[in-house]
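Chemist: Quick check, what structure comes out for this input:
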Amino acid sequence: MLPDPMGLPRNALDAPSNIGILRDMDDPSAESEMKLIRDQIDELQIASAEKRKPWYREPSTFISFAAFVASIITFVISQGSQEVQDVRARKEHLESLLTNLVALQEELAEASRTISDPLVFEQHSAMLNQKNLVYLEEAELLVDQLGKNVSSSEYNVLASEMLIVSNFRKAENYLAKGVGAAQDDLSRAIAYRNLAQFYFMPSQFRNFDQGRKTFQASVDAMKD
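Modeler: So this is what the prediction gives:
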């Protein structure tokens, strides 16, 4: 070993430094720092392991997802229930309007028998006709909104009312829809018969060939 310029061995110069390091390791504050470092490392390892766990094994994530799914199911059920209630309310309103339309025709017929004064009858008739138009417009709107929820008989009543006001195009349309909406053979036969009678009526839509074919369809519907 070469001597130090000051005449001391090299390991003699290093000795005080080594002793200082050993003393620092025995210091209580150094022990606290090492414990803190170990705790931080443990926390990082736990966090890393948590990140590798599937989402459904995380209680908080699973509960949030389950609550989200439950809210969607509740929303769908409530929407379906609301739609059913809306259809029922519209159906009831349509039935009320059709009943009122039929009642207006009965009232007009009664007035023609009981009112002898032509002027009074004309005024009364004009008032009833105005009501009839209002009810018809509202009934048509409801039919459009209800779509497939309109029955064959409801279409037939509406078609009859259209014939009364000489709206033959709409009458034919509703009679044809009445055939399509029929749920059984009897309803289908009646709907075909009504449509056949329409084609025999005096109007720009009179068509004897179509009337005979439609009447035959009515007969065939009862054979099925």
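Chemist: helix or strand right after the strand or helix carrying residue 113?
Modeler: Taking DSSP states H and E as the criterion, residue 113 maps to helix 59-114. Using DSSP H and E, the next helix or strand after helix 59-114 towards the C-terminus is helix 118-146.
Chemist: Report the buried residues of that following helix.
Modeler: Neighbour-count burial for helix 118-146 flags 124, 132, 135, 136, 139, 140, 142, 143, 146 (criterion: 16 or more other Cβ atoms under 10 Å). Backbone N, C-alpha and C define where each C-beta goes, glycine included.
Chemist: What strand or helix carries the residue nearest to the fourth one when sequence neighbours are not counted?
Modeler: To tie it back to what came earlier, the one meant is residue 136. Spatial nearest neighbour of residue 136, excluding adjacent residues (Cβ to Cβ, 6 or more residues apart in numbering): residue 161 at 5.9 Å. Using DSSP H and E, residue 161 falls within helix 152-164.
Chemist: Any chance you could list what contacts that helix?
Modeler: If you take Cβ atoms under 8 Å, 6 or more residues apart in numbering as the criterion, helix 152-164 is touched by 94-95, 98, 101-102, 105, 132, 136, 139-140, 143, 168, 170-175, 177-179, 181-183, 187-188, 190-191, 194, 198, 201.
Chemist: same thing but at 7 Å, please
Modeler: 94, 98, 101-102, 105, 136, 139, 143, 170-171, 174-175, 177-178, 181-182, 187, 191, 194 (Cβ atoms under 7 Å, 6 or more residues apart in numbering).
Chemist: Tell me how many other residues crowd residue 110.
Modeler: 10 (other Cβ atoms under 10 Å).
Chemist: need the contact list for it.
Modeler: Under the criterion of Cβ under 7 Å, 6+ apart, residue 110 has no neighbours.
Chemist: Also residue 128?
Modeler: Contacts of residue 128 (Cβ under 7 Å, 6+ apart): 104, 107, 108.
Chemist: tell me the contacts of the second one?
Modeler: It refers to residue 107. Applying Cβ under 7 Å, 6+ apart to residue 107 gives the contacts residue 128.
Chemist: Now residue 98: closest residue in space that isn't a chain neighbour?
Modeler: Per Cβ to Cβ, 6+ apart, closest to residue 98 is residue 157, 4.8 Å.
Chemist: Direction-wise, compare the host helix or strand of residue 194 with helix 152-164 and give the angle.
Modeler: Using DSSP H and E, residue 194 sits within helix 185-200. Helix 185-200 and helix 152-164 meet at an angle of 20 degrees, taking axes from the mean of the first three to the mean of the last three Cα atoms, to 10 degrees as the criterion.
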